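> Quick one, structure for this:
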Amino acid sequence: MDTLLIAARAVHYAATISLAGPFAFVCFVATPEPSERLRRRLLLLVLGSLVLTLVSGTGWLLVLSARFSGQPLIAVLPQGIVATVLTRTRFGQIWLARFVLVALLALCAVARHRRPGRAANWAGLVVGASTLASLAWAGHGGATPGHPGELHLAADMLHLLAAGAWLGSLIPLALLLAEAQASNGPYWAACTRLAVLRFSVLAGTSVVILFAAGLVNTWFLAGTVPTLIGTLYGRLLLAKIAIFAIMVTIAAINLLRMAPRLVPVGGGRHLTLWAAVDHLRRNALIEAGLGLCVLAIVGSLGILPPGLHTEPGWPLPFRLDLGALATRSEFLLAIVVALAGVCMVTAIAAAAAGHYRGTLIAGGGLILCLGFGGIILRPTIEPAYPTTFYALPELYADASVNRGASLYAANCALCHGTSGRGDGPAAAGLPVHPADLTASHLFAHTPGDLFWWVSNGRGDGVMPGFAGIMSANDRWDVINFIRARAAGLISRHIGPQVSATSAPAIPAFAFETGSGQQTLSGVLAAGPVLLVLFSPPPSAERLAQLAAAQTSLSAAGLKILSINLGRIGMPEMEPPPPLVGISAEVAAALALFHAPDDGGETDLMLDRAGNVRARWTRSGAAGLPDTATLAADAIRVAQLSAAPASHAGHAD
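Numbering: from 1, shown residues only. Predicted structure coming up:
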């Protein structure tokens, strides 16, 4: 079924482009008006594309109807499933609208053939462009919600229109060049030169639009390097980009080497005008064939989930940690990357124009840039595993942390110790000392690295794998606990000055107030939070101070959450103190961020991502912060950028 759907989509895209392309050709390329024989050939191309569009569109509709209903393909018509899809689904409504547009386009083609003219040409172009752009609603661009979805849809439409203008004009151009070769006269020589010049402008404009719109689409669907090389969607997208690059190279050869040779015979060139025309015709057909390969890939991409919605299986034994670069190195790397891009484009252009000495010079510059870039990047090379870039499927929250604590005690504490410092009862008898799971270097590894080690063990042969003992979700719970415990210990070294560097994160949790249940993430969405942790219970005087401070700090966008770690459930609310009610799980998770020697109170300033940016304790040298300090710090923390949450799922 998937093969049929891919084939139907690919043929439909190709047929729609071939249906709309001739109108772009006659409007932007073939001036003056083509000959009678060329007009007949273009009409046959449009009518043949029309048939393929209807047949492939019907096949697409039937296969999707079968998938929606779970019925065999042969049963979708007799059972009225197709009618239901057409009238009750978004795809069906788009299909009906496109059917009307295709019918109008057929009428435009016939009218243009009978009465050629600019009005008929431009009417066909408008309808053809609408037909082509409407395909965007049937793809990923039409499924992205909100205002970002509008940008994605617009980019998808521009991508389709640019592809239609370029690819759809290739076959008409080849037909015109064949007509010119057959006529072999000065009039057709002049027409050919003009047509090739106009087509070069059209193709160049299309390439720029394709590149820009492609960047937007790639950002939405496969916006990371791990996604590009670690998912099937990303690898198909890279194959599409590679074919596109080959097509651009052929187009550059046409523009820089073949087009200048379109001079009358005897002009002193190595190739005659008609030999150059023959090369251009063959190159146009090759480009069209490569375009069909691209459309076959597009047919496959449309039925796959976007790369950002799947887990990337990293195929390389290493990764680059660019965060390890110093600012100066980052600046040098940016310069090297820019120079490498210039050298690469120059080498391709020089090769296309036949300037091989320039190609060698630019290629040598590219090699030097790559070598220098490799030297800069050498300190960033880190070991990597297939799961390195997996996202956490289990929310980093109190429930997962507490489940992980129990699993850790049962499976990991024997070697790593109850404190996680590698001092468990079995540690002394091991040839390799267990890792300290409380040190800051833990966060130099991705959660996916930890998942690989917990699942498969370490290469030293000492730590066993737990894939056969714990489920995937259990292993992720253990990782959440390990990271939360390490974050709590690291947070104790954060001082009262706001830190803009990487910071440990508080697990997500829910709490109760007099107005109902809320979540930490919901409060953080409005701005920074001061999380106040009490143990033992706070005094009435301190609660009154916090209540007064909250009134003053509201203008700075700071919200205060006060939590008594020793009390479960709702606090006494008469008079209403600035306390919230928590569960036992929340208390256990937040206790990881409370030091026994804090004098009974720890204040944590959290940014919008829940990262600890500043910390005060009652027993600390700086004491507890005053209202003015909190207001100033809240304004600064609000300006810190929050890393976007990953929306990838997890595949076992």
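
> secondary structure element for residue 226?
In this structure, residue 226 is located in helix 225-230 according to DSSP states H and E.

> contacts for the helix or strand that that helix is followed by?
Proceeding N to C from helix 225-230, the next assigned helix or strand is helix 232-253, under DSSP H and E. Applying CB atoms under 8 Å, 6 or more residues apart in numbering, the external contacts of helix 232-253 come out as 200, 203-204, 207, 210, 214, 218, 221-222, 227-229, 283, 286-287, 290-291, 293-294, 297-298, 300-301, 304-307, 310, 312, 348-349, 352-353. Quick note: C-beta positions are derived from backbone N, CA and C, even for glycine.

> buried subset of those?
200, 203, 207, 210, 214, 218, 221-222, 227-229, 283, 287, 290-291, 294, 297-298, 300-301, 304, 306-307, 310, 312, 348-349, 352-353 (16 or more other CB atoms under 10 Å).

> Among these, name the ones in strands.
Among the buried ones among the contacts of helix 232-253, DSSP state E puts none in strands.

> residue closest to the middle of the protein?
residue 223 (2.4 Å; CA atoms, centre = their mean).

> one step back: which ones among the buried ones among the contacts of helix 232-253 are found in helices?
Using DSSP state H, the members of the buried ones among the contacts of helix 232-253 that fall within helices are 200, 203, 207, 210, 214, 218, 221-222, 227-229, 283, 287, 290-291, 294, 297-298, 300-301, 348-349, 352-353.

> so what does the lowest-mean-pLDDT helix or strand in the chain touch, helix or strand wise?
When each helix and strand of the chain is scored by mean pLDDT, DSSP states H and E, helix 81-88 comes last, with a mean of 82. Helix 81-88 is packed against helix 36-69, helix 90-114, with contacts defined by 3 or more CB pairs under 8 Å, 6 or more residues apart in numbering; DSSP states H and E.

> by how many degrees do the first one and helix 81-88 diverge?
Interaxial angle of helix 36-69 relative to helix 81-88 (axes from the mean of the first three to the mean of the last three CA atoms, to 10 degrees): 100 degrees.

> What are the buried residues along helix 36-69?
The neighbour-count check on helix 36-69 (16+ other CB under 10 Å) flags 38-39, 41-43, 45-46, 49-50, 52-54, 56-57, 59-68 as buried.

> same question for it, mean pLDDT?
Helix 36-69 comes out with an average pLDDT of 87.

> Could you chop the chain up by domain?
Segmentation of the chain into domains, based on automatic domain parsing, reads 1-138, 145-315, 318-383, 398-491, 510-638.

> Would you reformat those domains as CSV and include distance to residue 499?
Listed next are these as CSV, based on distance: least, CB to CB, whole Å:
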stretch, distance to residue 499
domain 1-138, 44
domain 145-315, 26
domain 318-383, 15
domain 398-491, 11
domain 510-638, 6
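
> Doesn't residue 532 belong to a helix?
No - Residue 532: not assigned to a helix; according to DSSP: H, G, I helix; E, B strand; the rest coil it is strand.

> Cross-check the contact I'm expecting between it and residue 563.
Yes - counting by CB atoms under 8 Å, residue 532 touches residue 563, with 6.8 Å between them.

> Chain neighbours aside, what residue packs nearest to residue 546?
residue 578 (4.6 Å; CB to CB, 6 or more residues apart in numbering).

> Please apply the same query to residue 167.
In space, residue 167 is closest to residue 291, 4.2 Å off (CB to CB, 6+ apart).

> Could I get the pLDDT score of that neighbour?
94.

> Tell me which residues touch it, please.
Contact analysis of residue 291 by CB under 8 Å, 6+ apart lists 14, 17, 163, 167, 170, 247.

> Just the buried residues of those.
14, 17, 163, 167, 170, 247.

> Could you list the low-confidence segments of the stretch 551-652 of the chain?
569-577, 641-652 (pLDDT under 70).

> now the strands for it?
Taking DSSP state E, counting those that start in this stretch, the strands of the stretch 551-652 of the chain run over residues 559-564, 601-606, 612-617.

> Give the pairing partners of the last one; include direction for each.
According to DSSP bridges, strand 612-617 forms sheet pairs with strand 601-606 (antiparallel).

> from memory residue 611 sits against residue 507, does it?
No - Residue 611 is not in contact with residue 507 according to CB under 8 Å; the separation is 11.9 Å.

> The two: which is more packed in?
residue 507 (26 against 22; other CB atoms under 10 Å).

> ok, now how distant is the more buried one from residue 560?
Distance, residue 507 to residue 560, by CB to CB, to the nearest Å: 19 Å.

> again with residue 120
Counting by CB to CB - residue 120 and residue 560 are separated by 71 Å.

> Turn the strands of the stretch 551-652 of the chain into CSV, columns for distance to residue 498 and mean neighbour count.
Below are the strands of the stretch 551-652 of the chain laid out as CSV (distance: least, CB to CB, whole Å; neighbours: other CB atoms under 10 Å):
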stretch, distance to residue 498, mean neighbour count
strand 559-564, 17, 21
strand 601-606, 7, 24
strand 612-617, 5, 23
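
> Go through the ones you listed and name the closest to residue 156.
Nearest to residue 156, of all the strands of the stretch 551-652 of the chain, is strand 601-606, at 38.0 Å by CB to CB.

> Can you list the low-confidence ranges for the stretch 401-550 of the chain?
Segments of the stretch 401-550 of the chain classed as low confidence (criterion: pLDDT under 70) are 460-461.

> related to what we said a few turns ago, residues contacting the residue nearest to residue 546?
Contacts of residue 578 (CB under 8 Å, 6+ apart): 543, 546, 547, 550, 560, 562.

> what do you get for residue 79?
Neighbouring residues of residue 79 by CB under 8 Å, 6+ apart: 69, 71.

> mind checking the SS state of it?
Quick answer, by three-state DSSP: residue 79 is coil.

> So that it lines up with my notes, have the first residue be 216 from now on.
Renumbered: residue one is now 216, and that last one reads residue 294.

> can you give me the strands in the stretch 516-665 of the chain?
533-535, 596-598.
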